[in-house]
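Enquirer: Sequence and computational prediction follow.
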Amino acid sequence: MDKPCVLYIDDEEANVKAFEASFRREFDITATTSLPHALDALSKKEYQVIISDQKMPGVAGTEFLLAISAKYPKSLKVILTAYQDFQVAREALNSGRIFKYMLKPWDRDEIIQTVNLAYELYTLRNERERLIEELLKTQDEMKMMRAESLKKRN
């Protein structure tokens, strides 16, 4: 099984380094304190999971993740925060564009479980899309074959 590609964004350098050190064996990680760097990374590589801190200078993590959802709809988004703001959590989750809301300090097993679950969901969704495309292509081929068969009969 391939490693999930994870983009981790947190404005605190210590958290970024700790995340990289904690999960580098389990995930293919790009970690940054900079939203512009995160956007640049997203433009260059496909990430199955994007984890963002909620409290960052200039923009909330939920706002950032919701803003990128249209351009990166397949990536599953996770909010990680030290603050228990249940209203923000509810709104983010109910929007359907945030996969999970987690509290700091993170629990290593919970992060691994969440990322692996998100990766599995990402993979299943992609497989579903591939199968639908294959089905539609097969239906088109069958229609063409039927049309050719009818032409030959007439």
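Expert: Ah, there it is. Numbers count the residues shown, from 1 in each chain.
Enquirer: does the closest residue to Glu26 other than its chain neighbours count as helix, strand or coil?
Expert: Among residues not flanking Glu26 along the chain, Ile112 sits closest, at 5.8 Å (Cβ to Cβ, 6 or more residues apart in numbering). Yep, even glycine has a C-beta here, placed from its N, CA and C like the rest. Following DSSP: H, G, I helix; E, B strand; the rest coil, the label given to Ile112 is helix.
Enquirer: need the helices for the chain, in chain order.
Expert: Per DSSP state H, the chain carries helices over the ranges 13-23, 35-44, 61-68, 86-94, 108-153.
Enquirer: do you know which of these lies nearest Pro4?
Expert: Counting by Cβ to Cβ, Pro4 lies closest to helix 108-153 out of these; the figure is 3.8 Å.
Enquirer: before we move on, the earlier item: so how far is Ala118 from the residue nearest to Glu26?
Expert: 11 Å (Cβ to Cβ, to the nearest Å).
Enquirer: Distance check, Lys17 against Thr32.
Expert: On the measure of Cβ to Cβ, Lys17 and Thr32 end up 11 Å apart.
Enquirer: Which one's more surrounded, these two?
Expert: Thr32 (18 against 13; other Cβ atoms under 10 Å).
Enquirer: Correct me if wrong: the more buried one contacts Val16.
Expert: Yes: using Cβ atoms under 8 Å, Thr32 is in contact with Val16, at 6.6 Å.
Enquirer: what's the overlap in contacts for the two?
Expert: Residues touching both Thr32 and Val16 (Cβ atoms under 8 Å, 6 or more residues apart in numbering): Tyr8.
Enquirer: Please report the distance of Lys151 from Ala38.
Expert: From Lys151 to Ala38 the distance is 56 Å (Cβ to Cβ).
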